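>>> can't give you the sequence, but here's the structure:
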């Protein structure tokens with residue numbers, strides 16, 4: 001009977017230590033997140049930089065779309081020039 005009580009006591013100690021460690025880690029995580037939010041909110045230069053970078057990303061996304069459209073137009077112009085050249089060469093060979 002003493003062995004069972006000792007075993008139960010050891011297992012409870014391990015469970016309490018694990019639960020306590022988990023609770024401490026969770027509380028530290030919440031505290032760190034709260035401190036990060038406070039630091040970000042108190043630094044207007046950081047907020048301004050973040051807004052500027054978001055605007056720049058938006059501009060670059062628009063530039064990618066324009067670049068794709070220009071590539072399509074260039075491909076079309078190259079095909080038209082090739083067809084015109086082939087038509088001229090074909091007409092010249094018949095004479």
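Thanks, I have the structure now. Predicted model only: the values in this text are computed from it and were never measured.

>>> Every contact and neighbour count from this point should use C-alpha atoms.
Will do.

>>> Show me what the lowest-mean-pLDDT helix or strand in the chain is packed up against.
Lowest by mean pLDDT, DSSP states H and E among the helices and strands of the chain is helix 2-42, with a mean of 85. On a contact count with 3 or more CA pairs under 8 Å, 6 or more residues apart in numbering; DSSP states H and E, helix 2-42 meets helix 44-94.

>>> The helix it packs on - contacts with which helices or strands?
Here helix 44-94 touches helix 2-42, going by 3+ CA pairs under 8 Å, 6+ apart.

>>> relative to helix 44-94, how tilted is the helix it packs on?
For helix 2-42 against helix 44-94, the angle by axes from the mean of the first three to the mean of the last three CA atoms, to 10 degrees is 80 degrees.

>>> Report the distance from the least confident helix or strand of the chain to the chain centre.
Helix 2-42 sits 31 Å away from the centroid of its parent chain (CA atoms, centre = their mean, to the nearest Å).
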